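[1] Dropping the sequence and predicted coords here.
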2 protein chains.
Amino acid sequence: MTPDIGAPGQNAMETETDIRSTASRQIEAPDSQVARFGPDDPLRLDCGVDFAPLTVAYQTYGTLNEDRSNVILVAHALTGDQHVANEHPVTGKPGWWDLMVGPGKPIDTNRYFVICTNVLGGCLGTSGPASIDPATGEPYGLNFPVVTIPDMVRAQAKLLDHLGIETLFCAIGGSMGGMQVLQWAASYPERVFSAIPIATAARHTSQNIAFHEVGRQAVMADPDWRGGRYLLEGANPTKGLAVARMAAHITYLSDEALHRKFGRNLQDRKEITFGFDADFQIESYLRYQGMTFVDRFDANAYLYVTRAMDYFDLAADFDGQLANAFLGTSTRFCIVSFTSDWLFPTAGNRQVVHALNAAGARVSFVEIDTDRGHDAFLLDEPELFAAVRGFLDSAAQARGLPALVPVR
Amino acid sequence: MTPDIGAPGQNAMETETDIRSTASRQIEAPDSQVARFGPDDPLRLDCGVDFAPLTVAYQTYGTLNEDRSNVILVAHALTGDQHVANEHPVTGKPGWWDLMVGPGKPIDTNRYFVICTNVLGGCLGTSGPASIDPATGEPYGLNFPVVTIPDMVRAQAKLLDHLGIETLFCAIGGSMGGMQVLQWAASYPERVFSAIPIATAARHTSQNIAFHEVGRQAVMADPDWRGGRYLLEGANPTKGLAVARMAAHITYLSDEALHRKFGRNLQDRKEITFGFDADFQIESYLRYQGMTFVDRFDANAYLYVTRAMDYFDLAADFDGQLANAFLGTSTRFCIVSFTSDWLFPTAGNRQVVHALNAAGARVSFVEIDTDRGHDAFLLDEPELFAAVRGFLDSAAQARGLPALVPVR
């Protein structure tokens, strides 16, 4: 589906208010397909709440084949969304996985039918803390139930049921997307033919939780957060959210990549200024990352989605034995990690491989040598593309998919 | 010198106001020795300002010998201070290097005369942004000149001149303290007999600057910062400073140590609460680190001291060749790094070793195997203690110091 509005982020004359209204419009009237589930069709959440009504916003690419066997579910990361391979309706930028998904790309939309949902708790159209609570007519804010990775996956499964899609040819995603892929394989093994969890882990570590807690405290320290009621009170904790984004952004990059890209280079000046302006390019870059993020993301959604990641501990639901999550599975796995990723290091990905081995699952494991850190899964990484393409080709053959589905 | 007040931090009944007044009293009337340099005796700073009047607050331990040859200068880190080995006048806790400095300890005060100054730009009695500007009668705030590591070292040299101490038997410090040690060796090679820079680097990396910038933005995003004029306006940006401290604190620890200490353990509860309270021990720990820090540190001082570290690039003053900083030196060096320190990794310490080798300096290098990250230099690390003790013994012999100076 092509977004039906312009590319606001690329218009330099546009005011901040314009961007915000475009961003907030995505919550109730997203530039996406949506599925709505009414009060009589609730989603049972891990916290015990039967959540309804539920809206799931999603994008699709490519064509569903007749026996519905060519579906690839892409799961997005913390601050990603369903706009995988189309111009983003708020920022006007290309989709976040435009390099990976499209005609002739590693996830070839000439062959596969790709679907991506905005996660439960997000802010691009799927129900989240900025959505209107029909019981009050006001945004949920902190009255939105705290959701988990399994809840996100349940919402996706509910959408697939609604669309009449029984099985996924493949589930793929990086970071929090990889957590969802692992959860899919554990919760619905019979529905997942193959799975590609990238740069992820079966549980959030203490350090991961620590960085998220800093981000949440930064948001909640902003007086404009108003105890989570900022939308009702016409405020927006943009300063706190920008600080949260800046801190998180450092963790997505590697020390080496920062050195290569920025080093100690000065920003538009020849000498240090003995002041607190952004003397260094890295300072200017981080400030930009913070400022632009707040235009497209809801602060409460940031709290909820980080919390879902913190709570993720797949083994905990299986007597503490990760291998038990995959016992008897027939899913084919391809695990991918990056050498310089210190947020989701190879060791954590390898633990998943070991568990899959212990469960007797089919698994291949690729560690890609790159200095680009965790962010590598979003970037132009030829080895990643080759691994995904090769694994999908082989899985497609095993699944009996024709070599190429003609474009309608 | 023993602080002449009680241990406020240990009294649970004490109010926040009491602690603040104790903390702010340290700025103008510190529980330390002080040297004051008047308007006619300015300190020339790198930014071009002739700064006066100047106060330097310092602590000493042990006894100066007759020929003043047994002086060890301890340089403190970003949030450290001069209270190396005495009860802290604000927190009531033991000195930050109580394990290292004292009678019979690796830096043996029965043998050596130890001196530590609060750094220029700090907030425990040496001139800093919270000091009163005599020109206005108000706290300097952002009118305080931006200082550098060389400026801090110049202030220390000025104090030593004042005390009639010509040479240092040793300069030692970790992290920012190590930067000062390197600067001492480069600026005053004839005054430094031996030097022990620990867990440091000859320049701040892009990633180091990035983390500091996040901290500064967190402080400046707090409306109670008031453009740096909070002291004048009766406010205090404690929330922003606490967030800054939380983010920084993660960088002082290692992923492994966090996993070992906290893992995913819950705080005083058996199950997650599906909320934003501190469910995990690591969250509770970080919040505590943030809250207690603001009781003892001035927010503007945090901006100034982080900035000094960011600006540090020792080679830049020597045609970009670090070895040139040490050409012809007769100082004996012992460089120490820790395997799990990702903030000041071994690689950065090794660059100093290589430069010293290239300059033909006497240098030994110890990489200590520990999972405790950057913080290891402050902790009970027997290998560190053994390395420091052994190096000092050998240097003392070379310097002709008697085996033990009797206690008076």
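    Now that the structure is in, tell me what you want to look at. Numbers count the residues shown, from 1 in each chain, chains lettered A, B, ... in the order given.
[2] which strands and helices sit next to the helix or strand hosting residue A:207?
    Take DSSP states H and E as the rule and residue A:207 turns out to sit in helix A:206-221. Judged by 3 or more C-beta pairs under 8 Å, 6 or more residues apart in numbering or on different chains; DSSP states H and E, helix A:206-221 is in contact with helix A:238-252, helix A:299-311, helix B:206-221, helix B:238-252, helix B:255-261, helix B:281-296. To be clear about C-beta, it is placed using only N, CA and C from the backbone, and glycine gets the same treatment.
[3] Could you export the ones you listed as a markdown table, including mean pLDDT, distance to residue A:130 and mean neighbour count?
    Shown next, in a markdown table, are those (pLDDT from 0 to 100; distance: least, C-beta to C-beta, whole Å; neighbours: other C-beta atoms under 10 Å in any protein chain shown):
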| stretch | mean pLDDT | distance to residue A:130 | mean neighbour count |
| --- | --- | --- | --- |
| helix A:238-252 | 98 | 13 | 26 |
| helix A:299-311 | 98 | 6 | 26 |
| helix B:206-221 | 98 | 22 | 25 |
| helix B:238-252 | 98 | 23 | 26 |
| helix B:255-261 | 95 | 32 | 18 |
| helix B:281-296 | 96 | 24 | 20 |
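[4] Of those helices, which is nearest residue A:336?
    With C-beta to C-beta as the measure, helix A:238-252 is the member of those nearest residue A:336 (16.1 Å).
[5] For the stretch 301-408 of chain A, what lies in contact range of chain B?
    Proximity of the stretch 301-408 of chain A to chain B, by C-beta under 8 Å from any C-beta of the partner chain, involves residues A:303, A:307, A:310-311, A:313, A:342, A:345.
[6] ok, which stretches of the stretch 1-150 of chain A are helices?
    For the stretch 1-150 of chain A, helices defined by DSSP state H, counting those that start in this stretch occupy the ranges A:16-28, A:149-163.
[7] out of those, nearest to chain B?
    helix A:149-163 (10.3 Å; C-beta to the nearest C-beta).
[8] returning to what we had before: TSV please, covering the helices of the stretch 1-150 of chain A and showing distance to residue B:152.
    Formatted as TSV, those follow (distance: least, C-beta to C-beta, whole Å):
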stretch	distance to residue B:152
helix A:16-28	41
helix A:149-163	48
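[9] Tell me which of these is the most buried.
    Stretch with highest mean neighbour count among the helices of the stretch 1-150 of chain A: helix A:149-163 (a mean of 21; mean count of other C-beta atoms under 10 Å in any protein chain shown).
[10] Can I get it in PDB, CA atoms only?
    Only the C-alpha atoms of helix A:149-163 are listed here, as PDB (Å, rounded to 0.1, in the frame of the first residue of the first chain):
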ATOM      1  CA  ILE A 149       6.600  -9.700  23.400                       C
ATOM      2  CA  PRO A 150       4.200 -12.700  23.500                       C
ATOM      3  CA  ASP A 151       1.300 -10.200  23.500                       C
ATOM      4  CA  MET A 152       2.700  -8.500  20.400                       C
ATOM      5  CA  VAL A 153       3.000 -11.900  18.700                       C
ATOM      6  CA  ARG A 154      -0.600 -12.800  19.700                       C
ATOM      7  CA  ALA A 155      -1.800  -9.600  18.100                       C
ATOM      8  CA  GLN A 156       0.000 -10.600  14.900                       C
ATOM      9  CA  ALA A 157      -1.400 -14.100  15.000                       C
ATOM     10  CA  LYS A 158      -4.900 -12.600  15.400                       C
ATOM     11  CA  LEU A 159      -4.300 -10.500  12.300                       C
ATOM     12  CA  LEU A 160      -3.100 -13.500  10.300                       C
ATOM     13  CA  ASP A 161      -6.200 -15.500  11.400                       C
ATOM     14  CA  HIS A 162      -8.300 -12.600  10.300                       C
ATOM     15  CA  LEU A 163      -6.600 -12.500   6.900                       C
END
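[11] and the next element down the chain from that helix?
    The helix or strand immediately downstream of helix A:149-163 is strand A:168-174, counting by DSSP H and E.
[12] List the pairing partners of that next one within its sheet, with orientation.
    Here strand A:168-174 has these sheet partners by DSSP bridges: strand A:71-75 (parallel), strand A:192-198 (parallel).
[13] Show me what the longest one is in contact with.
    By C-beta atoms under 8 Å, 6 or more residues apart in numbering or on different chains, the surrounding residues in contact with strand A:192-198 are A:167-175, A:177-179, A:181-182, A:184-185, A:331-337, A:349, A:352, A:377, A:384, A:388, A:391-392, A:395, A:399.
[14] where in chain A is pLDDT low?
    A:1-21, A:404-408 (pLDDT under 70).
[15] any idea which helix is longest in it?
    The longest helix of chain A (DSSP state H) is helix A:382-399.
[16] Buried residues, it. List them.
    A:384, A:387-388, A:391-392, A:395-396, A:399 (16 or more other C-beta atoms under 10 Å in any protein chain shown).
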